[in-house]
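> Need coordinates for the following:
(one chain, ligands or ions: 1)
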Amino acid sequence: MQFATICKIAVDNGKPVRIGVNGGSLNPELVMQKMEENTDKNLGRTSDEIINECMVLSAIQSTELALECGLRKDQIIISCKVSVPQHLIEVYRELARQTDQPLHLGLTEAGMGRKGLIWSSTAIGILLNEGIGDTIRVSLTPQPGGDRREEVYAACEILQALGLRSFSPSITACPGCGRTTSTTFQELAEHVEAYVRARMPEWKRQYEGVESLRLAVMGCVVNGPGESKAANIGISLPGTGEAPSCPVYIDGKKYKTLTGTPEELASQFRVIIDEYVATRYTPRVTAPPALV
Ligand code: SF4
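Model prediction:
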């Protein structure tokens, strides 16, 4: 469908339009012109730099065309499809310099598993941290039969990591080191994570702001209390050779000390979390809006 026809439909229905530019389908005349300019003026630019410049130019030109066709500025969002993090950063920094239109960030063809997650998070995180970007997508190639919602979970984590939005309580668990030889802190961290995940749907319906809750499960009482105090609720388990007691901190202050088997510790910690949620967060008067 012709660009002008798409714009006309958007003008008629008033819906937002995403102007998408893809490196593989750039206007060949524009690319040729920039390549020749590079040669004639001996500019020494790489072909990647030229392609990135053409993507920005193309996005800006298409936006101007859409505005001429009658679209409102608030109907237009720009998206440039790039598969290398450094190119995404370069293209979007330039777009942000040249336009105040909303920008959609996403690394296309990011790949599977760890690679897709890390490449996407690196590029999107750097841009968002600079205040660039209004919507995001983490494109992941799923495993056969894999859960497509992984993309959404990853996007939520990026926004939460940067402090831009809160979707669910964050649980800090120390990585473990020579100070601890038991796996109790890892098991408790997993247990707390599963417990919070299970309780969140109900808590979200009942309390305002519960998604900003911060928990910490640390592996020793030498360095653990620092991180525990920084959380809303933190517990430091005994490291190697330490007394079998676990100080719990609430909002930076020592609250009590727990003792017992790993199961007993988990049970006592759950009670503390429940009490904190019930007393520190304001009950909702209406149900929260559904995520779409
Ligand atoms: S909190 Fe203690 S056990 Fe955990 S990484 Fe730090 S020093 Fe090691």
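
> Okay, and V21 sits in which element?
strand 17-22 (DSSP states H and E).

> Ignore what I typed, I meant R148.
Counting by DSSP H and E, R148 is part of no helix or strand.

> Quick check: it touching P142?
Yes - contact criterion C-beta atoms under 8 Å: R148 and P142 qualify, at 5.8 Å. Bear in mind the C-beta positions are built from the backbone N, C-alpha and C, glycine included.

> Have a look at those two and say which one is more surrounded.
Using other C-beta atoms under 10 Å as the criterion, R148 and P142 rank with P142 on top: 14 against 8.

> so where do the helices sit in the stretch 1-150 of the chain?
All helices of the stretch 1-150 of the chain, identified by DSSP state H, counting those that start in this stretch, fall at 3-13, 28-40, 47-68, 85-98, 113-129, 150-161.

> Buried residues, the third one. List them.
Neighbour-count burial for helix 47-68, counted by 16 or more other C-beta atoms under 10 Å, picks out 50-60, 62-63, 66.

> The shortest one now?
By 16+ other C-beta under 10 Å, the buried positions in helix 3-13 come out as C7, A10, V11.

> Any buried residues in stretch 159-166, and which?
Taking 16+ other C-beta under 10 Å as the neighbour-count basis, stretch 159-166 is seen to contain the buried residues L159, Q160, S166.

> Provide the contact partners of that stretch at residue level.
With contact meaning C-beta atoms under 8 Å, 6 or more residues apart in numbering, stretch 159-166 is reached by S121, G125, L128, N129, I136, C156, F167, S168, S170, G209, E211, S212.

> Mind doing that once more with 6 Å?
For stretch 159-166, the surrounding residues in contact (C-beta atoms under 6 Å, 6 or more residues apart in numbering) are L128, N129, F167, E211, S212.

> Assign the third one to one of the three secondary structure states.
It stands for F167. Per DSSP: H, G, I helix; E, B strand; the rest coil, the local secondary structure of F167 is coil.

> now the closest residue to it other than its chain neighbours: how far from S168?
In space, and not counting its chain neighbours, F167 is closest to C156: 4.4 Å by C-beta to C-beta, 6 or more residues apart in numbering. With distances taken as C-beta to C-beta, to the nearest Å, C156 is found 8 Å from S168.

> Was I right to think C246 contacts T261?
No - counting by C-beta atoms under 6 Å, C246 stays clear of T261, with 11.6 Å between them.

> Up against the ligand, what does the chain have?
Residues of the chain lying close to the ligand (C-beta under 6 Å from any ligand atom) are 174-177, 179-180, 218-220, 222-224, 239.

> what do you get if the cut-off is 5 Å, keeping everything else the same?
Residues of the chain lying near the ligand by C-beta under 5 Å from any ligand atom: C174, C177, R179, T180, M218, G219, C220, N223, G224.

> Going through those, which ones are buried?
Buried residues within the residues of the chain next to the ligand, counting neighbours by 16+ other C-beta under 10 Å: C174, R179, T180, M218, G219, C220, G224.

> okay, who's weakest in the residues you listed by pLDDT?
For those, the minimum pLDDT belongs to T180; the value there is 84.

> how does the chain divide into domains?
Domain ranges of the chain: 3-161, 170-280, per automatic domain parsing.

> coming back round to it: from the buried residues of helix 3-13, which is closest to the ligand?
A10 (53.5 Å; C-beta to the nearest ligand atom).

> Looking at pLDDT only, which of the contacts of stretch 159-166 scores worst?
Comparing the contacts of stretch 159-166 by pLDDT, F167 comes last, at 87.

> From the ligand, how far off is that one?
26 Å (C-beta to the nearest ligand atom, to the nearest Å).

> L30 now?
From L30 across to the ligand, the span is 54 Å (C-beta to the nearest ligand atom).

> R137 contacts T108, doesn't it?
No - contact criterion C-beta under 6 Å: R137 and T108 do not qualify, at 9.1 Å.
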